[in-house]
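[1] need coordinates for the following:
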Amino acid sequence: MIDQAIVLAAGEGTRMKSQTPKVLHSIAGRTLLGHVLNSLDSLNPKSIRVVVGSGREEVESHLAQIAPDAIAVFQAERNGTGHAVQIAIDGVKSNGLALILAGDTPMLSASTLQEFVAAHRAGKFTASVMTAEHPDPSGYGRIIRGDDGLLLKIVEERDATDDQKLIFEVNSGVYLFDFAALSNAISKLKRDNAQGELYLTDAIQIIRENGGKVAAILCEDFTETLGVNDRIQLAEAAAILRDRVAERHMRNGVTILDPGSTWIDDTVAIAPDVTILPGCAILGSTAIASGAVIGPRTTLQDCAVNSGAVVRESNCTGSEIGANANVGPFTFLRAGTVLANDSKAGAFVEIKNSQVGTGSKVPHLSYVGDAEIGVDSNIGAATVFVNYDGINKHRTVVGDAVRIGSDTMLVAPVVIGDGAYTAAGSVITDDVPAGAMAVGRAKQRNILGWVRLKRSGTGSDIAATKATENTTTETEQK
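    Here you go, the predicted model:
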């Protein structure tokens with residue numbers, strides 16, 4: 001739809017008070033810059049140029065990951081938006097449209113940009129500025145319209161008169177230009193303003209004076225035009241995006257019982273008829289299939305949750321949860337975990353880099369690391385897969401229909417054959433054949449009188465003495 005897109009992302013962002021460049025701060029699953037570039041996708045620009053400055057190396061590295069075809073243009077000295085555009089279009093030849101927008105406006109939607117471009121084309125304007133009616137216009141450039149309703153000029157806050165400061169229609173920082181007109185106007189900018197900088201907004205007046213037709217196109221939702229300049233505005237933007245994402249999913253058939261306490265990244269995919277209970281964070285590339293129930297108080301990061309699965313009060317990262325599987329409460333699934341259909345990872349269970357087969361259960365209080373568990377097996381309470389020898393990680397294989405007794409230590413590498421059992425409290429260091437019972441514990445022995453000898457005078461000694469006296473009395477009475 002457009003020829004050139006120019007994103008201004010060179011600002012210092014000093015009000016963020018951060019070692020991280022402002023445009024690399026993240027909300028709703030993307031950086032501020034990432035949100036802007038994502039909104040541009042629907043316009044299919046032939047070329048995207050991102051003007052970078054502060055934190056150049058970090059921004060360029062991030063840009064290479066999320067938009068490898070975009071061109072980074074370095075602005076060594078920040079001399080205003082006009083100067084940024086000058087260096088961005090230097091040497092560029094185009095007969096089309098140039099869209100210019102800021103890299104810190106994460107709430108600007110693709111649909112709003114599409115409407116903006118369509119209105120510009122329909123009006124056959126030389127240049128257009130997206131505007132918004134802001135309830136608190138302080139700090140924004142004011143829109144001055146002519147008698148014909150078209151844009152006359154934009155006055156920056158520092159240069160505005162008292163009367164002009166009473167205007168609520170403000171500049172959003174989003175512009176659309178005929179490229180030839182932009183190239184001509186940008187070369188004529190001057191620094192005669194309070195900041196001594198080259199203002200892109202002055203190009204509007206130059207184009208109008210040269211006979212161009214310039215429009216101010218109003219965005220209906222002013223929140224889409226809000227920029228992020230400090231941590232407070234970052235939190236405000238995050239909350240707006242949270243509500244927007246939740247509303248989109250609810251309109252698509254997802255039940256979210258408490259949208260205010262539910263944080264879903266814009267990158268997440270959720271099918272209809274999923275239920276999300278309060279206090280959840282669903283992040284990254286997570287995908288949830290129909291019929292699943294998530295929460296309450298659950299975090300999913302880069303997970304795949306299949307149909308009918310239930311995940312309660314758990315933290316899961318980089319894991320796949322099979323259809324009708326049951327997870328939680330208080331379960332920790334780490335990267336590489338795959339739970340097959342109808343499996344279970346119960347209360348206070350941690351699983352890492354392991355596969356749990358269909359119908360198998362790890363019900364409670366266990367650690368499973370670097371393991372493969374077959375189908376219809378049961379891992380008893382307080383079982384530990386001892387996978388680390390202090391230097392290397394080793395793998396445990398548990399077959400089908402295995403019963404691991406409570407408080408078993410499976411010292412890897414070890415294989416438990418199909419249908420085998422382990423006795424409760426065993427330490428298993430050797431392979432167990434199919435159908436065998438493995439007992440790996442010492443024979444119990446009782447050292448009589450040990451408490452009187454070693455813990456004389458303690459509560460235990462008093463209780464033991466009393467119990468012994470009672471037993472002796474009962475024996476004598478008989």
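[2] can you spell out which helices and strands pack onto the host helix or strand of residue 345?
    Secondary structure assignment for residue 345, by DSSP states H and E: strand 344-347. Contacting strand 344-347 under the criterion 3 or more CB pairs under 8 Å, 6 or more residues apart in numbering; DSSP states H and E are the following elements: strand 326-327, strand 361-364. Yep, even glycine has a C-beta here, placed from its N, CA and C like the rest.
[3] check the offset of the longest one from the chain's centre.
    To tie it back to what came earlier, the one meant is strand 361-364. 29 Å (CA atoms, centre = their mean, to the nearest Å).
[4] over to the shortest one?
    The chain centroid and the centroid of strand 326-327 are separated by 23 Å under CA atoms, centre = their mean.
[5] what's the most buried one of the helices and strands packed on strand 344-347?
    Sort those by mean neighbour count, taking mean count of other CB atoms under 10 Å, and strand 326-327 sits at the top with a mean of 24.
[6] ok, then the element right after that strand?
    Under the assignment DSSP H and E, the closest C-terminal helix or strand after strand 326-327 is strand 332-333.
[7] which SSE is immediately downstream of that next one?
    Next element after strand 332-333 (DSSP H and E): strand 338-339.
[8] look up how far residue 213 lies from residue 203.
    Taking CB to CB, to the nearest Å as the measure, residue 203 and residue 213 are separated by 14 Å.
[9] what about the two, which has more around it?
    residue 203 (29 against 17; other CB atoms under 10 Å).
[10] surely residue 369 touches residue 394?
    No: using CB atoms under 8 Å as the test, residue 369 is too far from residue 394 to be in contact (9.5 Å).
[11] spit out the residues that contact those two alike.
    Counting by CB atoms under 8 Å, 6 or more residues apart in numbering, the shared contacts of residue 369 and residue 394 are 387-388.
[12] more crowded one of the two?
    residue 369 (22 against 16).
[13] not counting sequence-adjacent ones, nearest residue to that one?
    residue 387 (4.1 Å; CB to CB, 6 or more residues apart in numbering).
[14] burial count for the one you found?
    Count around residue 387 with other CB under 10 Å applied: 22.
[15] before we move on, the earlier item: which residues touch the strand holding residue 345?
    By CB under 8 Å, 6+ apart, strand 344-347 touches 325-331, 333, 337, 339, 351, 356, 360-365.
[16] buried residues in the strand of greatest length in the chain, which are they?
    Determined from DSSP state E, the single longest strand within the chain is strand 169-178. Neighbour counts using 16 or more other CB atoms under 10 Å place 169-178 of strand 169-178 among the buried residues.
[17] any weak-confidence spans in the stretch 101-250 of the chain?
    Counting by pLDDT under 70, the stretch 101-250 of the chain has low-confidence residues at 193-194.
[18] residue 34 and residue 107, how far apart?
    13 Å.
[19] can you check residue 166 too?
    Taking CB to CB, one finds residue 166 at 26 Å from residue 107.
[20] same deal with residue 93?
    33 Å.
[21] between the two, which is the more surrounded one?
    residue 107 (25 against 8).
[22] give me the nearest residue to the more buried one, chain neighbours excluded.
    Nearest to residue 107 is residue 224, by CB to CB, 6+ apart, at 5.0 Å.
[23] could you do residue 452 as well?
    Per CB to CB, 6+ apart, closest to residue 452 is residue 461, 5.8 Å.
[24] distance of that neighbour from residue 174?
    81 Å.
[25] residue 272 too?
    Taking CB to CB, one finds residue 272 at 34 Å from residue 174.
[26] same question for residue 189.
    Taken as CB to CB, the span from residue 189 to residue 174 is 19 Å.
[27] same question, residue 233
    17 Å.
[28] just residue 430 next, same as before
    69 Å.
[29] turn the buried residues of strand 169-178 into CSV, including distance to residue 148.
    Formatted as CSV, the buried residues of strand 169-178 follow (distance: CB to CB, whole Å):
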residue, distance to residue 148
169, 16
170, 20
171, 19
172, 21
173, 24
174, 22
175, 20
176, 19
177, 20
178, 19
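[30] what are the ranges of the strands in the stretch 51-200 of the chain?
    71-74, 97-102, 127-133, 142-145, 151-155, 169-178 (DSSP state E, counting those that start in this stretch).
[31] need the ones you listed in JSON lines with distance to residue 29, can you?
    What follows is these, written out as JSON lines (distance: least, CB to CB, whole Å):
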{"stretch": "strand 71-74", "distance to residue 29": "23"}
{"stretch": "strand 97-102", "distance to residue 29": "20"}
{"stretch": "strand 127-133", "distance to residue 29": "25"}
{"stretch": "strand 142-145", "distance to residue 29": "33"}
{"stretch": "strand 151-155", "distance to residue 29": "33"}
{"stretch": "strand 169-178", "distance to residue 29": "23"}
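[32] out of the ones you listed, nearest to residue 261?
    strand 127-133 (29.1 Å; CB to CB).
[33] give me the buried positions along that closest one.
    Buried-residue list, strand 127-133, by 16+ other CB under 10 Å: 127-132.
[34] what would the residues you listed look like in JSON lines with distance to residue 318?
    Formatted as JSON lines, the buried residues of strand 127-133 follow (distance: CB to CB, whole Å):
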{"residue": "127", "distance to residue 318": "47"}
{"residue": "128", "distance to residue 318": "45"}
{"residue": "129", "distance to residue 318": "44"}
{"residue": "130", "distance to residue 318": "39"}
{"residue": "131", "distance to residue 318": "44"}
{"residue": "132", "distance to residue 318": "40"}
